[in-house]
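Asks: Need coordinates for the following:
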Amino acid sequence: MIDLNDLKFVGNNLKRPECVLVDKEETLHVADWRGGVTLIYKNGFQKTILANGNFKPKPNGIAIHPDGGWLITHLGDEDGGVYKLNLNGNLTPYLLEVNGKLLPPTNYVHIDNLGRVWVTVSTRLIPRILGCKPNFKDGFIILIDEEKPRIVADNLGFTNECLIHPVTGDLYVNETFSRCLSKFSVTSNGRLLNKKTVVEFGIGEFPDGFAFDIEGGIWVTCVVSNKLIRISSNGEREVIINDSDVSHVNYVEEAYQKSILERKHLDNIVSTKLRNISSICFGGSDLKTVFLGCLLGDKIATFKSEIAGLQPTHWNPKKLINKSFP
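Replies: Numbers count the residues shown, from 1 in each chain. This next block holds a predicted model:
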């Protein structure tokens, strides 16, 4: 287990840095709640690119676009969608509806190694907190490829980050309030089959983001409990980081079990160092530097791992199969 005192922090005055990615040049790309993305370069220099104009999206998930800039998901109070943000701040719609219906607040976006785009919506309910219940499942996954955008998985328990495994081609997805990591087989035309539960999580462990390592392991961040858990290729779990406050976790757990979660349960995390860790990526030349996004902090926690991460797909970007569906 990593000693909390061994954690280091990068970045300053970040605004809800929920999603963090790192590129080959070791630059961090961090979602910025003010309406864009903050770049943190290897030398520590920081640059924020916000959307031009009056409309400022609320970025939750981001994906590095192969043509430069990013795809970002808009987690509005009542509206959602996916937008393309260019390096100059120009913002254009990428996907605003599916099956003729406007997207609800939208959680995450992932570009895989074939140039397909995967999008998650956690719940159709507004406000989203109404979907944060143990047995409520109305989250879904959208696929954008050579066909029109379509829902390829539905009735999921608060769909969060999803990733295609670069080696196996399977799709993994965290179902935060079903407290599980799930896996699908993916057909050549993008159908998702053979859903399996990879791991179920316990008290106070609500899975949000994850990343793969070179040994077949999966590293999962859990909100509320501030845990980072590694699931090995044979299903064994190891707690890498634990910055939990037992009384606070029990307080949230009781509300969760009674299906009465409110924002106050999720937005007031009690911890020592971390501020509700939500995402993870591996970086550095050896892919052994771990970075942790978070919901309530203003910096990115980092530490060295003995196990290297699996090279993310954006290190070898593929052109998107389709440009946009405004």
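Asks: just the helices in the stretch 201-326 of the chain please.
Replies: Taking DSSP state H, counting those that start in this stretch to define them, one finds helices in the stretch 201-326 of the chain at 246-257, 263-266.
Asks: Among those, which comes closest to residue 30?
Replies: helix 263-266 (20.3 Å; CB to CB). C-beta: built from backbone N, CA, C; applies to glycine.
Asks: what residues does the closest one touch?
Replies: By CB atoms under 8 Å, 6 or more residues apart in numbering, the residues outside helix 263-266 that reach it are 129, 132, 223-224, 251-252, 255-256, 276.
Asks: rerun at 7 Å
Replies: Helix 263-266 is contacted from outside by 129, 224, 252, 255, using CB atoms under 7 Å, 6 or more residues apart in numbering.
Asks: now these in TSV, with pLDDT and neighbour count?
Replies: Output for the contacts of helix 263-266, formatted as TSV (pLDDT from 0 to 100; neighbours: other CB atoms under 10 Å):
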residue	pLDDT	neighbour count
129	97	15
224	96	26
252	97	23
255	98	16
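Asks: Which members of those residues define the maximum pairwise distance?
Replies: Pairwise distances across those peak at 13.4 Å for 129 and 224 (criterion: CB to CB).
Asks: For residue 63, give the beta-bridge partners.
Replies: Under DSSP bridges, the beta-bridge partners of residue 63 are residue 71.
Asks: which residues does it contact?
Replies: Here residue 63 is in contact with 70-71, 109-111 (criterion: CB under 7 Å, 6+ apart).
Asks: again, only this time at 6 Å
Replies: With contacts taken as CB atoms under 6 Å, 6 or more residues apart in numbering, residue 63 has the following neighbours: 71, 109-111.
Asks: repeat for residue 201
Replies: By CB under 6 Å, 6+ apart, residue 201 lies in contact with 179, 207.
Asks: Quick check: phi and psi on it?
Replies: Dihedral angles of residue 201 (phi, psi; degrees, to the nearest 10) stand at phi -110, psi 160.
Asks: And the pLDDT at it?
Replies: At residue 201, the pLDDT value in this model is 98.
Asks: Please report the distance of residue 61 from residue 283.
Replies: 18 Å (CB to CB, to the nearest Å).
Asks: more crowded one of the two?
Replies: Ranked by neighbour count (other CB atoms under 10 Å), residue 61 and residue 283 place residue 61 first, with 28 against 24.
Asks: Touching, residue 183 and residue 195? I think so.
Replies: No - in this structure residue 183 lies outside contact range of residue 195 using CB atoms under 6 Å: 7.3 Å.
Asks: which one of the two has more residues nearby?
Replies: Between residue 183 and residue 195, residue 183 has the larger neighbour count (other CB under 10 Å), namely 19 against 13.
Asks: Report the secondary structure state of the more buried one.
Replies: Classification of residue 183 using DSSP: H, G, I helix; E, B strand; the rest coil returns strand.
Asks: what's near enough to touch it?
Replies: For residue 183, the contact set (CB under 6 Å, 6+ apart) comprises 170, 172, 196, 198.
Asks: which non-adjacent residue is nearest residue 119?
Replies: Excluding the flanking residues, the one nearest residue 119 by CB to CB, 6 or more residues apart in numbering is residue 142, at 4.2 Å.
Asks: Mind picking the one among the contacts of residue 183 that's closest to residue 205?
Replies: Using CB to CB, those come closest to residue 205 at residue 198, 13.8 Å.
Asks: what's the burial count for the closest one?
Replies: Residues near residue 198, counting by other CB under 10 Å, number 17.
Asks: Next: residue 95.
Replies: When neighbours are counted by other CB under 10 Å, residue 95 registers 24.
Asks: same check, this time on residue 25
Replies: Residue 25: 8 neighbours (other CB under 10 Å).
Asks: Check the secondary structure at it for me.
Replies: Relying on three-state DSSP, one would call residue 25 coil.
Asks: how far away is the nearest residue to it once chain neighbours are set aside from residue 152?
Replies: Counting by CB to CB, 6+ apart, residue 42 is the residue found nearest to residue 25 once chain neighbours are left out, at 7.0 Å. Computed as CB to CB, the residue 42 to residue 152 distance reads 37 Å.
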